[in-house]
Every structure is written in C-alpha cells, then in structure tokens.
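Q: sequence first, predicted model second:
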Amino acid sequence: MSERPRIFSRKLERIHYILVPMDFKDLDLAEFKASLTEWRAMDVDMHVFDVKGLKIAPEDFYSLVRDFSRGISPKKIATLNVTEELYREIVSRKLAPAFNRVNLFPQDLMEKKKVAEPDIKRLLIRYLIRAAYSAVEVALHSTVSCDENYVAKAERLPYTQFDLISIIDVNNDFLKAQFRLCSSAAVLKRAASAMLGDHVTIDSEMVESMASELLNLIYGKAKSQLNDQEGFNLPPAIPRVLYQKEFGSIVRSASPDHLSILPLVTPLGSFYVEVDTGIPA
Amino acid sequence: MSADKKTILIVDDMKMVRFKLTQICSEIGFNNVVEAANGEEALEVLKTVQVDLILSDWNMPKMTGIELIEKIRSSPQTVNVPVIFITSEDQKENILRSLTAGVTDYVVKPFSDTIVKQKIFAVLKMAAAKGASAQ
C-alpha cells in the first residue's frame, strides 16, 4: 500500500491551497519537487502555501519555492502562517518577494488598489448590472437588459408602484449606502416560478424570499468582484424585506448625485435596483 | 452509491434556496433531506440526525457558514462529514478561508442545477472512497 502524501493540496474555484507539514524533512523534498512540477501547470489565480508551525526547512525547500515562483507570475503566490524563525530564513536568502508572506489573513491576501471617489459610483453601477445579468440568466433562466448609461429618475418611480423592497445596508469606512431592490409581487412570483418550476405553488413567503435572494445574488456577486478586482471593501450583508406599509421608513435621496436607479427589464417584468449614498449618518 | 440511504442537510436562511436545493436533491434520487435556516439550527439537527452531506450558505443570521464548518470540524461526530458551500461569496480570501476551515467543495451562486448535482455526486463518491480506504 502506498504511503499517503505528506503535503496536502486542494484546488477550489481558482485558488490552490497547499498545507506544508510543520515537520517538513529532507525526505519530503522529492514529493514536494514532483508536486511543484504538477502545480506549475495548474490554471489558477493563486497558489497559497500554508506553513503553519514550520520553523526550520531543508535548504532545498527555499530554492524549490524560489524556482516555482520564477516559473509563474509572482503575484500568484502567497504564504500564510509564516513563523518568525522561518521568515528570518526567507529574508536572509532574499526570497521575501518569492514567498509573498501574508501578515494579516484574510485582509492582506489581495493587494488593495486605491479607488478614487468618482470611480466608486461608476464601478458600482457597472458591476451591479453585470451581477443582475448573471442572476437573471442563471437563476431565473431568463434574459435582462439594462442600459448602464440610463438611470431612472426617482420622481418617475414612486414607491407606491412596488409591493416589496429588499434592502442591504452598508456602513463601513469604505462606503455608506443602501442597496434596494424594488419590485411588484407579481414580478417576484413569476421570477420564483421561473426558478422553481411552474408546478410549484408560490406563496407569499416564497415571494418575500425571492425578493431577498435576488438582491443577495446581485449585491453578493457585485461585492465579490468589486472587492477582488477593483480594490473595494464592501462587507457581506443579509437583505431585509419591507412591505408597502413599511416604505415610509426608507429615507430615499432625491438628488441624482446620491441616488442611482437601475431599471432591469426582463420578460418576467421589470424590477429596479437602487444605490443610495445619501443615507443619513 | 445508494442515494435513498443518504441524508443531506441543507442550511440556508432563504426558504426559496432550501426549496430549490431540495428539488435538485430529489431529482437525483436523494429524498432524505433535512433543512436548517442557520448554523445554530444545523448544529441542533446534527445532534440527533446522522447526515452524509451538508450543503450550506455562508451569510446567515445567528451563525455563518464558516462558523458552522469550524464547529463541525471540531466535533468527533461530524469531523468527516463533507460540506459544500453554496454561496455568492466567491472572493479569493473567502475561498481560502473556506479551504482552511475544512470545506469540501464550493458552488458559487447563482448556481446551475447541473453543477450542484455533479458536485453532490463527486463529493459523496470521494467520501465513500475515503471511508473504504480507512477500513
């Protein structure tokens, strides 16, 4: 019976995670070298070495990682849980860039770009629209259109025409805003049928759940992509749903400087995503 | 693999998503499905029900999916239960957090039924092979 590999490696989505044993020995070098050759061919965005507990490594360990990093883009490697003893060895060999130590995980994993204020709104709208396309096409098996350059005016879209509004509140150092998805119950019911099948009875609880999940899909996808690709720092959030009698609690900005309304038109009906950055402190 | 003997636990705060995943499980022969609306409820279920697979969301009230999996992996009764995250959280740091916490696989929302079915089969097959080689 062959021995189990000592080096644990798993690929999930576009991340390749490698757990190096804390007692890494000379005997492990052959397995490590063979694995690195295999990993070099992987189509991933990042290889992450977790060296938790590893204080001393054989000399060849450092050169193997150095050679591995030379064969791929340096930004594709990160190393977690580096002990101070190991880091001194890495630095003494001038290999800090090759190992790309992550001091604070997960905050420091990705290099943060500086986002200019005027770009925030523009990028938010772009990515929200993309996320809406993805949500409607994949989850609802339908199509959607939204013109990125067209933003509806609040006075033409009074809340009286909607039955439910799902809301996500964002309030951190990066952004203070409210994201809203406004829809009629009829459109949400058709969306739920599209998702679950016409044979399923859609009750009011399902309609409310659809309002919540649709905003969750749109905000969630936009958030992940903006945070990863544009240097945003949007937090995770769980939507809450309001019914018409509760709409009075929403403080909706009047100025288009603060309020953007994206009309999303589908064969199931239209719904609207609002981004309001004029919320009171 | 006999689907009718397997129990799947679905953990999501959205009723719509639990319904959809139950539908998907049923379409491929997995009819023993238990639901929980958050991590706390899931842990209560796990005290009395032996499950073969957990499908869990990430962002939930009371206990997140990450907190749930950390609890699952720290209990001898559930340490080896495979967990698939089904979530809109696909930032690199979150995928890595999931990996270090012990998630088995990942499905990014919005999900296609086909992908979920493939992952369920793949993860259960892997778990069965792991169980067989341990004996």
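A: Yep, that arrived. Because the structure is predicted, anything quoted here is derived from the model rather than measured.
Q: tell me the pLDDT of B:Ser2.
A: pLDDT recorded at B:Ser2 is 71.
Q: kindly apply the preceding question to A:His16 instead.
A: In this model, A:His16 carries a pLDDT of 95.
Q: just list the residues touching it, thanks.
A: By Cβ atoms under 8 Å, 6 or more residues apart in numbering or on different chains, A:His16 lies in contact with A:Ser9, A:Arg10, A:Trp39, A:Met42, A:Val44, A:Met46, A:His47, A:Val48. Heads up, the C-betas are built off the backbone N, CA and C, glycines and all.
Q: mind listing what the third one touches?
A: Right, A:Trp39. Contacts of A:Trp39 by Cβ under 8 Å, 6+ apart are A:Ser9, A:His16, A:Ile18, A:His47, A:Phe68.
Q: using PDB, write out every CA atom in stretch A:252-264.
A: Provided in PDB are the C-alpha atoms of stretch A:252-264 (Å, rounded to 0.1, in the frame of the first residue of the first chain):
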ATOM      1  CA  ARG A 252     -34.800  58.000  -0.200                       C
ATOM      2  CA  SER A 253     -32.400  60.600  -1.500                       C
ATOM      3  CA  ALA A 254     -34.000  63.000  -4.000                       C
ATOM      4  CA  SER A 255     -30.800  64.100  -5.700                       C
ATOM      5  CA  PRO A 256     -29.300  62.000  -8.600                       C
ATOM      6  CA  ASP A 257     -25.900  62.800  -7.100                       C
ATOM      7  CA  HIS A 258     -26.800  60.400  -4.400                       C
ATOM      8  CA  LEU A 259     -29.400  58.100  -5.800                       C
ATOM      9  CA  SER A 260     -28.900  55.800  -8.900                       C
ATOM     10  CA  ILE A 261     -31.800  53.700 -10.000                       C
ATOM     11  CA  LEU A 262     -31.200  50.900 -12.500                       C
ATOM     12  CA  PRO A 263     -34.200  49.600 -14.300                       C
ATOM     13  CA  LEU A 264     -33.800  45.900 -15.100                       C
END
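Q: got the buried residues for that stretch?
A: Within stretch A:252-264, the residues scored as buried using 16 or more other Cβ atoms under 10 Å in any protein chain shown are A:Arg252, A:Ser253, A:His258, A:Leu259, A:Ser260, A:Ile261, A:Leu262, A:Pro263, A:Leu264.
Q: low-confidence ranges in the stretch 101-250 of chain A?
A: Scanning the stretch 101-250 of chain A for pLDDT under 70 picks out A:111-113, A:148-150.
Q: rerun that using 80 as the cut-off
A: Along the stretch 101-250 of chain A, segments meeting pLDDT under 80 span A:104, A:106-118, A:147-152.
Q: thinking again about what came up before, closest to A:Ile165 out of the contacts of A:His16?
A: Nearest to A:Ile165 out of the contacts of A:His16 is A:Met46 (Cβ to Cβ; 38.0 Å).
Q: any idea which element the spatially most central residue of chain A lies in?
A: The residue lying closest to the centre of chain A (Cα atoms, centre = their mean) is A:Ser224, at 1.6 Å. Per DSSP states H and E: A:Ser224 is located in helix A:204-230.
Q: pretty sure the residue nearest to the centre of chain A is touching B:Ser88, no?
A: Yes - at 6.8 Å, A:Ser224 counts as touching B:Ser88 under the criterion of Cβ atoms under 8 Å.
Q: and chain B, is the helix holding A:Ser224 touching that?
A: Yes - counting by Cβ under 8 Å from any Cβ of the partner chain, contacts between helix A:204-230 and chain B involve A:205-206, A:209-210, A:212-213, A:216-217, A:219-221, A:223-224, A:227-228.
Q: one step back: among the buried residues of stretch A:252-264, which lie within strands?
A: Using DSSP state E, A:Leu259, A:Ser260, A:Ile261, A:Leu262, A:Pro263, A:Leu264 are the members of those that sit in strands.
Q: what about A:Phe271, which SS state?
A: strand (DSSP: H, G, I helix; E, B strand; the rest coil).
Q: confidence score at it?
A: 94.
Q: spatially nearest residue to residue 17 (excluding sequence neighbours)?
A: The chain I'm using is chain A. In space, and not counting its chain neighbours, A:Tyr17 is closest to B:Leu99: 4.3 Å by Cβ to Cβ, 6 or more residues apart in numbering or on different chains.
Q: was after chain B, sorry
A: Closest residue in space to B:Val17, ignoring its immediate chain neighbours: A:Glu213 at 6.1 Å, by Cβ to Cβ, 6+ apart.
Q: how far away is the one you found from B:Asn59?
A: To B:Asn59, A:Glu213 is 11 Å away according to Cβ to Cβ, to the nearest Å.
Q: let me see the contact set for whichever residue of chain A sits closest to chain B.
A: Across chain A, no residue is closer to chain B than A:Gly220, which sits at 2.8 Å (Cβ to the nearest Cβ). Residues near A:Gly220 by Cβ under 8 Å, 6+ apart: A:Ala131, A:Pro236, B:Asn59, B:Thr87, B:Ser88, B:Glu89, B:Lys109.
Q: list only buried entries from these.
A: A:Ala131, A:Pro236, B:Asn59, B:Thr87, B:Ser88, B:Glu89, B:Lys109.
Q: taking those one by one, which sit in helices?
A: Among the buried ones among the contacts of A:Gly220, the members falling in helices are A:Ala131 (criterion: DSSP state H).
Q: next one, pLDDT for the residue of chain B at minimum distance from chain A please.
A: Closest approach between chain B and chain A, counting by Cβ to the nearest Cβ: B:Ser88, at 2.8 Å. pLDDT recorded at B:Ser88 is 91.
Q: now do the strands in the stretch 1-150 of chain A.
A: Secondary structure of the stretch 1-150 of chain A (DSSP state E, counting those that start in this stretch): strands at A:8-12, A:15-19, A:46-50, A:77-80.
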